[in-house]
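[1] Here is a sequence with its predicted model. Questions after.
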Amino acid sequence: MEVILKQDMPNLGQKDEIVKVRDGYGRNFLIPQGKATTATASAKKVLAENTKQRAHKEAKIKAEAQKTAEKMNGLKLKIGAKTSTTGKIFGSVNTIQVAEALKEKGYDLDRKNISLVNEDAIKEVGTYKAKVKLHKEVVVEVEFEIISE
């Protein structure tokens, strides 16, 4: 029996994939649980059309992410932090401050898409790097400098 998966299933396949399963497994478990549908000819045509449209949308989103990445390339941020006389930071600098600095420059990004390169080493004034994930295939490295306030 061939079924089209509606969600990712471990050891079976990914969403929108046509897989061959045993009749009882498909009829008694996958289809009643809403995890799959039968792979009829019309369902396969609908799946092909949806996949084509999704690929078109993904290409558009990726192109926008690449344009933003080109604009962000070479961007340098300045983040102010309270420091001691020796240059040690009170507290820490994390992705929230980097996201706020990017927002000031006109890039409204979620802090979950930002990762600090040497996160454990950000304890004093200096220049560091952060990776900004704009798309699953587009990642930009942004340099930021921590200055004393």
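    On my side now, so go ahead.
[2] Pull out the buried positions in the one helix or strand Glu100 maps to.
    Secondary structure assigned from DSSP states H and E places Glu100 in helix 95-104. Applying a neighbour-count criterion of 16 or more other Cβ atoms under 10 Å, one finds Thr95, Gln97, Val98, Ala99, Ala101, Leu102 buried in helix 95-104. The C-beta positions use only the backbone N, C-alpha and C, and glycine is treated the same way.
[3] Rebuild those as JSON lines, extending it with distance to Phe144.
    Listed next are the buried residues of helix 95-104 as JSON lines, based on distance: Cβ to Cβ, whole Å:
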{"residue": "Thr95", "distance to Phe144": "11"}
{"residue": "Gln97", "distance to Phe144": "9"}
{"residue": "Val98", "distance to Phe144": "6"}
{"residue": "Ala99", "distance to Phe144": "11"}
{"residue": "Ala101", "distance to Phe144": "7"}
{"residue": "Leu102", "distance to Phe144": "9"}
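[4] The residue of the chain most remote from its centre and Phe29, how far apart?
    No residue in the chain has its C-alpha farther from the mean C-alpha position than Thr85, which lies at 38.8 Å (Cα atoms, centre = their mean). Going from Thr85 to Phe29 by Cβ to Cβ, to the nearest Å gives 67 Å.
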